[in-house]
Structures are given as C-alpha cells and as structure tokens.
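Peer 1: Coordinates only, no sequence provided:
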C-alpha cells in the first residue's frame, strides 16, 4: 500500500526539477556501462558464473511464455466481452471449475503464461474459483507436457496417467476449496478491476495497452523468481538428489521442496525427474505434480499479479494439496511406492 | 515508475532477447528449438513498447487529454526495476555456458538408465573414426549388450573436468534450458589427457575400455585416448 500512495503523491507533485525514474534509469545504465569490466570480474567466480547462467536461462526461457500469456490476456480484454465468457462457462461454480480444469489442455504453455490469463479472466467476471483452476491446470495437463513426460519415462505409461490425474485433481480441488473458503478481497483490487468495454479501432489500442501493462506488472516478478531459483540452485547441495533412495517419506518431501526451489519449466521437468534415477517413482511423480502448480517464480508472479495476501494463502495450500494428490495418484497408478 | 521508463525497460529487454537470438548466444541458455519463441517475444516486446511510446507522444501533443483515465493512472510497478537485471546480465556480463562447476555440483544426477535403455543400439556407421555424442557413447558403453563399441575408434567432444581420480570429459545435457541441465561424463585415460586445465574443450579420439556393464546411475565409462586436440568452445555447447 505504501508504494501506491507514494507513487500517487509523486505524480501529484510538479515534475520540473524533480528526478524522475527516467533519469535514474539513465544513471544506472551509464554506471553499469562504466563498471562493465568490474562487473565481469565479479561474476568470474565458478559458483556465480553458474548462477548467472541459470538466471539468464530461466529468464529467457520463461519470457516468451509470459509474453504469450499477456497477449492472450490482452486479447481477452479487448475482443472477448464479459458476457461471452458468462455464456460459455456453466452458471454453477463447481461445474465451472470442472470446465476450467479441462480447458487447461488447450493452452500449451509454461506456468508463466497462465498467470496473466487467469488474472484477466477474473477481471472479466469469470468466477475466481474457475480462473484459479485454469491457472493450475493449464501448465500441467497440456499435451506438450504429457508428451514430454512420456518421452522422458519410456516404459512407464503409468507415469503420464498419474501426472495427468494428479495435476488435474490438484487444480480442481483448489477450485472447490476456493468456492468453500476463498474470499474475493484476498485478491488485490487491481487484479479484479474490470476494463471498460471498447469497440472498433479502440480495441487494438486496448489490446496493446493491456498486454503492455500486464507485462510490466508481471515481468519484474518473473525476474525475481529466476533470481531466487538460480541462487538456491547453486546453494542446495547436490547430495540432496541421491542418498534418499530408501527413505520414501523424506524423498517425497525433499523432492516437493526441490520442485519449488528449482522452478523448472513444466515442459522440461520430466527430463530432470528422469535423471533422478536413484529415487523411486513416487517422489519423482510428486516433483512433477508440485512443480507446475507452485514454484519460486510462480509464487513471485502470483504475489505480483494477485497480491501478497492472496499468494501467502494460496501457495502453501496448493503445495500441500499437490503433494496429497500426487501421492494418492502414485499409489493408484504406479502400484505403490516404487 | 513513469510510463517512459517502463517503455525503455521493455525496449531494452526485447533488445536483449533479439541480441542473443541473432548472435547465437541463446544456445548457451536454451535448446535450439526455442529460437522462434525468443525472437518472437523480442519483437513483441519492442513493438509493445514502441506502440505505447508513439501513442503517448501523440496524446501529449493533443491540447487536452481526452482520456483522463490513462494519463492520470500511473502504475506503482516498482517491481519492473527488476527487469534491468536480465538486461544488464545479457548486455554486460553475457554469462558463459555451464561448465565444469556444474558437473561437480550435479554429481548425483546422471544419465538415466531407463532413458538410455529405450535405444535399440544399431551397429555404428562404418568408418575409421566414428564421431559420437557423449550421451550416446555413455549409453552404448553402459547398456549395450551387443558390444557395438568394441574395437571401434570413436571421436568425442566435450570439456575437461579434473577430479581426484584423474580427468573426465563432460558435456551438459539439457531438456529445455540450462536450469534443468545434467552432466554426462567419460573418464579419459592416457594420451596426455592428464594435466589439461578445467573447462578446456577437447576433441578426443580413442576406444572404449571394456568394463562391467552399468548397474545404475553414476556409471562413468572409460575411454583409452589415442589422440586429443583442444578446440574452441562450440557454438552449441549442450547435448539434447
């Protein structure tokens, strides 16, 4: 809240003679250019080099999906009137959650794409429960992710089925929990604001402006998530990955935490899970179900888009529900904790 | 943060994406098939920033702001400052591809036997020296019952990772981006491999040292080196 009031105070003041963010940006850029060789020498330590590579990798890998997400969000805001969405989705919220979960199959992107889309759906009057179900389902049950899982685990078709069922169940259970206990005021006001309906040529302007401001809102948080995941990726000792082969409960918990920490793209996490071959299948399934539902960069994105009050409640519950769904699906489809 | 600053940041970020897609540095961070996505995202970022800037200039020229909502509404968007981090990282630091440090870090994550087992292992192509990827060599050495490597001379490319037992030739395998990379390693014996500095890229020819078949992860095959030559870091440093 402090930032909002400060910013509005800042704009109220006369601009002349005041240092604006443009000057600050220029100063930072000039300083960075002058200090380039110093910067390069600082980052020339093995651990920092690895961390900075991972940081840039997470950023450039996730940014296109965020861009795709804000374009879809802009298109919804500009070209899909709220009444069309109302007509498409079932009136009953619990049924709408089911439809939203299954429609996640249609957005073949990473988790970063679904955050701005879910936010826009809420803004356009879709029940938050349905939008949040879509948010959790889209990155985990789309065909690209399922095919990647099948490729990474040849000879284990149960893994694909278990992942699909557990992820869909996580998304729908979270939707139903929201219907029962969720409160609209947890979601920041700016995320709920409905954009005025526009017609004609104004639509394209609205499309570009919505996409741009969504990107500005979410981009910084994506970067924050990438920073955290790069730092932790270097700090978490590699031994965590092995050495857990016989402790199934500990293995499940450690891999769930690792899924959050590493913030992998949902299209690639199956290959990482496959490479953790010292571990039984069940913890690796937990890794695949938790990762797309909640991880460091997703938490940062949610906090930035829907507000901290929302993310602090939603993320821990998602974490627990995802572990539960994955364990149950693993016991059913993988035939026990192997 | 003012709209002008936001637009400059988006422009810089789009420029960073375009830069690494055009000069090929993107291969240090993601797999080749991501190129159209990254290039497209870069173009979209530049366009969105450009369109907003042009519209702002036009709106400012008009005598009275017709759209009060947009002019008065200034985003708090402090978080957008963070967008500078990848911009500076790409333009000023340009982090290199993952190397020896990542191999030692990821000791317990190795080529998965189940993944390698799916290959049928057809005979190697004819020729005096057969170039192979490190993952293919390691899979064949560890899990191939037909012994297709026996007696054949292969050429491998990778970087040097010294460890307490000698020298490893390593390559990182990525599924999507460098964040999910894991190493494949081959132990080098003889042929002047010892003493090569860490992270040197080598092209090594030699024959597999017959050993027991792999039983699980962490299996490292051995290559008896007949010749090796240092090479510049390849454009495409990862295996997929």
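Peer 2: Cool, the structure landed. None of these values were measured; they are calculated from a predicted model.
Peer 1: pLDDT score assigned to the nearest residue to residue B:93 once chain neighbours are set aside?
Peer 2: Once flanking residues are discounted, residue B:93 sits nearest to residue A:43: 5.1 Å by C-beta to C-beta, 6 or more residues apart in numbering or on different chains. C-betas here are computed from N, CA, C, even on glycine. Looking at residue A:43, its pLDDT reads 84.
Peer 1: can you pull the pLDDT of the residue nearest to residue A:291 when sequence neighbours are not counted?
Peer 2: Using C-beta to C-beta, 6+ apart and skipping the chain neighbours, the partner closest in space to residue A:291 is residue A:259 (3.9 Å). Listed pLDDT for residue A:259 reads 88.
Peer 1: lowest-confidence helix or strand of the chain?
Peer 2: Looking at chain A here, since you left the chain open. When each helix and strand of chain A is scored by mean pLDDT, DSSP states H and E, helix A:2-12 comes last, with a mean of 42.
Peer 1: Can you look at chain B instead?
Peer 2: Going by mean pLDDT, DSSP H and E, chain B bottoms out at helix B:68-72, a mean of 42.
Peer 1: about what we covered before: what comes up buried for whichever helix or strand comes after the least confident helix or strand of chain A?
Peer 2: Moving toward the C-terminus from helix A:2-12, the next helix or strand (DSSP states H and E) is helix A:21-34. Buried residues in helix A:21-34, counted by 16 or more other C-beta atoms under 10 Å in any protein chain shown: A:21, A:25, A:29, A:32.
Peer 1: May I see the buried residues of stretch B:203-213?
Peer 2: Buried residues in stretch B:203-213, defined by neighbour count with 16+ other C-beta under 10 Å: B:203-208.
Peer 1: nearest to chain A, of those residues?
Peer 2: residue B:208 (22.0 Å; C-beta to the nearest C-beta).
Peer 1: Quick check: that closest one touching residue B:220?
Peer 2: No. With contact defined as C-beta atoms under 8 Å, residue B:208 does not reach residue B:220; the gap is 11.9 Å.
Peer 1: Show me the helices in the stretch 151-300 of chain A, by range?
Peer 2: Assigned by DSSP state H, counting those that start in this stretch, the stretch 151-300 of chain A shows helices spanning A:157-181, A:189-192, A:202-235, A:248-262, A:269-275, A:281-293, A:296-306.
Peer 1: Identify all contacting residues around the fourth one.
Peer 2: I take that to be helix A:248-262. For helix A:248-262, contacts defined as C-beta atoms under 8 Å, 6 or more residues apart in numbering or on different chains pick out A:229, A:232-233, A:236, A:240-241, A:244-245, A:269, A:272, A:276, A:279-280, A:282-284, A:286-288, A:290-291, A:294-296, A:299, A:319, A:322-323, A:327, A:337, B:179-180.
Peer 1: filter those residues to the buried ones?
Peer 2: So, by 16+ other C-beta under 10 Å, the buried ones in the contacts of helix A:248-262 are A:229, A:232-233, A:236, A:241, A:244, A:269, A:272, A:276, A:279-280, A:282-284, A:286-288, A:290-291, A:294-296, A:299, A:319, A:322-323, A:327, B:179-180.
Peer 1: which sections of the chain are below the confidence cut-off?
Peer 2: Using chain A here. A:1-17, A:108-110, A:237-246, A:277-278, A:336-338 (pLDDT under 70).
Peer 1: hmm, I had chain B in mind actually
Peer 2: B:63-77, B:107-120, B:214-217.
Peer 1: How is chain B partitioned into domains?
Peer 2: B:3-93, B:100-230 (automatic domain parsing).
Peer 1: now the strands: where do they sit in chain B?
Peer 2: For chain B, applying DSSP state E gives strands covering B:129-131, B:153-163, B:166-173, B:182-189, B:201-208, B:222-230.
Peer 1: For the fifth one, enumerate the helices and strands it packs against.
Peer 2: The elements that strand B:201-208 packs onto, with contact taken as 3 or more C-beta pairs under 8 Å, 6 or more residues apart in numbering or on different chains; DSSP states H and E, are strand B:153-163, strand B:222-230.
Peer 1: Each with direction, which strands does that strand pair with?
Peer 2: Sheet partners assigned to strand B:201-208 using DSSP bridges are listed as strand B:153-163 (antiparallel), strand B:222-230 (antiparallel).
Peer 1: right, so of those, which gets closest to residue A:225?
Peer 2: Nearest to residue A:225 among the strands paired with strand B:201-208 is strand B:153-163 (29.4 Å), distances taken as C-beta to C-beta.
Peer 1: No more questions from me, cheers.
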